[in-house]
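In: what shape does this take:
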Amino acid sequence: MTIIFDGANQKEQKAIESVFQQTLTKLHQPTDVEISLTFLEEEEIAQLNGQYRQEEKPTDVLSFPMLDIVAGEIIDQTFDADVNFDTGEYMLGDVFICRTVVEKQAKENGHSPLWETCYLAVHSLLHLLGYDHAEEDEKEEMFSLQDTIMKESEIQ
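Out: Predicted coordinates for the structure are as follows:
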């Protein structure tokens, strides 16, 4: 697994790598995947949010999947068109996290900023793997997976 980090400190990198590995294993997905994860300021994420979701305000996290995958589908040779030829890894997509919003949410929810960051990273990885929360049944499945993964993690 390759995670291309931009703006993450070593502690965040280690924790995110751990929960990503845990998520891929839990979902029986291959680990030869590539993900880009960038931390943005409020203004930057508000601009992306406005451009892609028509909501001109800061948000905690945005995910941009590269695979056309359905929740529960396993990444295999049918996704070979989405392989980075330099690394041989499947390109899952891009994740953008706003540290300022995460810190506010962590305080409101009684979590550490690291825990909140990892929770949102798992949320985003699930989006990259085809999960969504537009419908109530999808929301229940996705948030249940997130909660289970975070309970099983060692992130405090």
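In: can you give me the helices in this structure?
Out: 10-26, 42-53, 99-109, 113-128, 136-152 (DSSP state H).
In: who are the packing partners of the first one?
Out: Contacts defined by 3 or more Cβ pairs under 8 Å, 6 or more residues apart in numbering; DSSP states H and E place helix 10-26 against strand 2-6, strand 33-40, helix 113-128, helix 136-152. Heads up, the C-betas are built off the backbone N, CA and C, glycines and all.
In: so where is the chain shaky, pLDDT-wise?
Out: Within the chain, no stretch has pLDDT under 70.
In: contacts only, for the most centrally placed residue in it.
Out: Nearest to the geometric centre of the chain sits S124, at 2.4 Å (Cα atoms, centre = their mean). When the contact criterion is Cβ atoms under 8 Å, 6 or more residues apart in numbering, the partners of S124 are 37, 61-63, 95, 97.
In: K139 versus that one, what's the distance?
Out: Going from S124 to K139 by Cβ to Cβ, to the nearest Å gives 15 Å.
In: count the residues that sit near P58.
Out: Counted with other Cβ atoms under 10 Å, residues neighbouring P58 total 19.
In: residues in contact with it?
Out: 42-43, 45-46, 49, 98, 100-101.
In: of the residues you listed, grab the buried ones for ChimeraX.
Out: Buried residues among these (16 or more other Cβ atoms under 10 Å), as a ChimeraX selection:
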select :45,46,49,98,101
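In: just put the contacts of P58 in CSV and tack on distance to S18.
Out: Shown next, in CSV, are the contacts of P58 (distance: Cβ to Cβ, whole Å):
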residue, distance to S18
E42, 27
E43, 30
I45, 24
A46, 30
N49, 28
C98, 22
T100, 24
V101, 22
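In: farthest-separated two in the contacts of P58?
Out: N49 and T100 (13.5 Å; Cβ to Cβ).
In: isn't L27 up against L128?
Out: No. With contact defined as Cβ atoms under 8 Å, L27 does not reach L128; the gap is 11.2 Å.
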